[in-house]
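[1] Build me a structure from this.
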Amino acid sequence: MGRSIGAMSDAPEQAPASDLDALGLSDEEKAVLARVGAILRRLNYGTVVLVVQDGKVVQIEMAEKFRLR
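    Just a heads-up that it's a prediction; the model follows:
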């Protein structure tokens, strides 16, 4: 049902650097946000789960649902 998202083929759109820099995010945190944003833009129904260990996102899981009616 769920699947882990590794390297995505779609290049995610990113917010202007100044917006993210103002938040004081690391490059790794910016990459996670960009990946989550790309998933949310393509997902119509489903769930996105972030797995965190030691304060860092180590896995992103996505389960997509298909409505038949």
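[2] And the next helix or strand past the lengthiest helix in the chain?
    Longest helix in the chain, counting residues (DSSP state H): helix 27-42. Once helix 27-42 ends, the next helix or strand along the chain (criterion: DSSP states H and E) is strand 46-53.
[3] Mind giving me the packing neighbours of that following strand?
    Applying 3 or more Cβ pairs under 8 Å, 6 or more residues apart in numbering; DSSP states H and E, one finds that strand 46-53 makes contact with helix 27-42, strand 56-64. C-betas here are computed from N, CA, C, even on glycine.
[4] Using TSV, lay out the ones you listed together with distance to residue 48.
    Converted to TSV, these look like this (distance: least, Cβ to Cβ, whole Å):
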stretch	distance to residue 48
helix 27-42	6
strand 56-64	5
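[5] nearest to residue 49, of the ones you listed?
    strand 56-64 (4.3 Å; Cβ to Cβ).
[6] Report the angle between that closest one and helix 27-42.
    Relative orientation of strand 56-64 versus helix 27-42 (axes from the mean of the first three to the mean of the last three Cα atoms, to 10 degrees): 10 degrees.
[7] All good on my end, thank you.
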